[in-house]
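> Sharing a sequence plus its predicted fold:
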Amino acid sequence: MVSVSRQLRAAGHKIMFYTAETFKSKIEACGFEFVSLPGKANYNYLRPDEYYPERNSFPLGSPEWLRRLARAIFSDTLVDQHLGLQRILETRSIDLIVIDTFFFGAFPLLLGPRDRPPVVCCGVNPMLLSGVDAGPTAPPARTAAERKRVQCANREFAESFASITDEINAKLAEVGSPSLSASAIDSMYTLADLFLQFGIPEFEFVPSDRPSTIHFVGPILPKFTESFEPPPWWGELDDGRPVLLVTQGTLANTDLTELIEPTLAALSDEDILVVAATGKTDAAISTVPRNARIATFIPFDLLFPKTNVFVTNGGYGAVNQSLAAGVPVVAAGLTEDKSFVAQRLAWSGAGINLNTSRPDEFQIRSAVREVLHNSSYRREAEALRRKMERYDPLQAVERAVNSLILPKRSFERRERIYA
């Protein structure tokens, strides 16, 4: 969303950034006006126990685990998100609102009178829209039998999250808003004036009956703009050995025994250079094999061109960045939206889904060997890379915003002329 805001500012738009205090310093460092989310909406994602204390009481990634997470982050925060947004609209002249997926605080606005600013929703997660021939957990159907399986999977998904829609509707009633006419998740895609999915259809489960307001614009790939001092071992990336990158991302990196440590152990005797990006400065790794290099942070846009396989818990952004470099992926994640990303990865043929957040050494070693020795994974990743190259997502966002703002401004000018 910072990348989107920079693009729009460069195009002449003035940006107000409405988000949590956690990001205040970053937003203000970018030169944007910052407005904090109030109350429960102003949570710190780095301290999940504060808003989801029972998160370890249910099997990781289970429907009940996901429901409790969705309640804590999305339904419980809706009222405060909405009230803060209303205060902004009452005190400032706003031409357009850009949100990301799951910002349910915009639902009362979208369900209310049309006398409001246009709303663009940005898909920063895998597409979870249900349709006649694809759905959140069901790839596109090609036959009548597959369509039946899709409908069955969509019903199961809807039933497992029905309580979330009920809770969302209860929160909407608190602020005097009409209820949703569809599930909360489907409504993310259908209520906004435009929905821009930051991905490509070849990596998504896309229903053929999706609304015409949904557009794929390609992934927004982060580029490291600060000066980078390569570590002393950087030259080893070009010594002829396959290079493997392993990371647990920015959310699920508190316990490195989930993925990073077993990956290091599994590949300690392989002729591979293993780079582990921990994402935290206080990371403690019990044993570092001779073929492993540890870093807190490395710019992926510089590292992926030198990488042969990416082992990850499956964050949507990191997986898209890997595929944009033509690098196949081994995914091991069940939290947040990671299981959905891993499903799409296996379906695309560009990687392997280990179907767990805690793979053992045998699972990791077998998957890595398979990806390195079976050229089909690299071939499919390369095919996705070529498709991604056709997109210019930031230009697409700018065009979409202008398509909604400029006609409105033109109408207002004509109205002033004739008044």
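It's in. Residues are numbered from 1 along each chain as shown.
> Tally up the residues packed near Arg369, please.
By the criterion of other Cβ atoms under 10 Å, Arg369 has 15 neighbours. Any C-beta I mention is one placed from the backbone N, CA and C, and that applies to glycine too.
> give the contact list for it.
By Cβ atoms under 8 Å, 6 or more residues apart in numbering, no residues touch Arg369.
> Tell me where the stretch 1-150 of the chain has helices.
Secondary structure of the stretch 1-150 of the chain (DSSP state H, counting those that start in this stretch): helices located at 2-10, 24-29, 63-70, 76-91, 107-111, 144-160.
> helices and strands around the second one, which ones?
When contacts are defined as 3 or more Cβ pairs under 8 Å, 6 or more residues apart in numbering; DSSP states H and E, helix 24-29 sits against strand 33-36.
> Sheet partners, orientation included, of the strand it packs on?
strand 16-19 (parallel) (DSSP bridges).
> I'd like the average pLDDT over the strand it pairs with.
What strand 16-19 shows for mean pLDDT is 96.
> Can you tell me what sits against that strand?
So strand 16-19 is contacted by 1, 5, 23, 27, 32-37, 84-85, 88, 92, 94 (Cβ under 8 Å, 6+ apart).
> Recalculate using a threshold of 10 Å.
Contacts of strand 16-19 with the rest of the structure, by Cβ atoms under 10 Å, 6 or more residues apart in numbering, involve 1-2, 5, 23-24, 26-28, 30, 32-37, 41-42, 81, 84-85, 88, 92, 94, 97-100, 103, 105.
> Can I get the helices of the stretch 1-150 of the chain in a markdown table including mean neighbour count and mean pLDDT?
Shown next, in a markdown table, are the helices of the stretch 1-150 of the chain (neighbours: other Cβ atoms under 10 Å; pLDDT from 0 to 100):
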| stretch | mean neighbour count | mean pLDDT |
| --- | --- | --- |
| helix 2-10 | 17 | 95 |
| helix 24-29 | 13 | 95 |
| helix 63-70 | 18 | 77 |
| helix 76-91 | 18 | 96 |
| helix 107-111 | 20 | 97 |
| helix 144-160 | 15 | 95 |
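> how is the chain carved up into domains?
2-218+391-418, 234-388 (automatic domain parsing).
> Out of those domains, which is closest to Glu226?
Closest to Glu226 of these, according to Cβ to Cβ: domain 234-388, at 8.6 Å.
> could the domains of the chain be laid out in JSON lines, adding distance to Phe228?
JSON lines is the format used below for those (distance: least, Cβ to Cβ, whole Å):
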{"stretch": "domain 2-218+391-418", "distance to Phe228": "18"}
{"stretch": "domain 234-388", "distance to Phe228": "6"}
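> just those domains: most buried one?
Mean neighbour count (mean count of other Cβ atoms under 10 Å) peaks for domain 234-388 among the domains of the chain, with a mean of 19.
> how long is that one from one end to the other?
The first residue of domain 234-388 is 28 Å away from its last residue (Cα to Cα, to the nearest Å).
> Need the mean per-residue confidence for that domain.
93.
> Work out the gap between it and the centre of the chain.
Centroid separation for domain 234-388 versus its chain: 17 Å, with Cα atoms, centre = their mean, to the nearest Å.
> all strands for the stretch 151-300 of the chain, in order.
Ranges of strands in the stretch 151-300 of the chain, per DSSP state E, counting those that start in this stretch, are 194-197, 214-216, 243-247, 273-277, 292-295.
> Can you check which of those gets nearest to Cys152?
The nearest among the strands of the stretch 151-300 of the chain, by Cβ to Cβ, is strand 214-216 at 23.6 Å.
> got the contact list for that closest one?
If you take Cβ under 10 Å, 6+ apart as the criterion, strand 214-216 is touched by 121, 123, 127, 129, 189-190, 192, 194-204, 206-207, 391, 393, 396-397, 399-400.
> let's see 6 Å
By Cβ atoms under 6 Å, 6 or more residues apart in numbering, the residues outside strand 214-216 that reach it are 195-197, 200-201.
> And the residues you listed, which two are furthest apart?
So, these by Cβ to Cβ: farthest apart are Phe195 and Ile200, at 14.9 Å.
> May I see the contacts of strand 214-216 organised as TSV, with distance to Ala367 and pLDDT added?
Output for the contacts of strand 214-216, formatted as TSV (distance: Cβ to Cβ, whole Å; pLDDT from 0 to 100):
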residue	distance to Ala367	pLDDT
Phe195	34	98
Leu196	33	98
Gln197	28	98
Ile200	24	98
Pro201	26	98
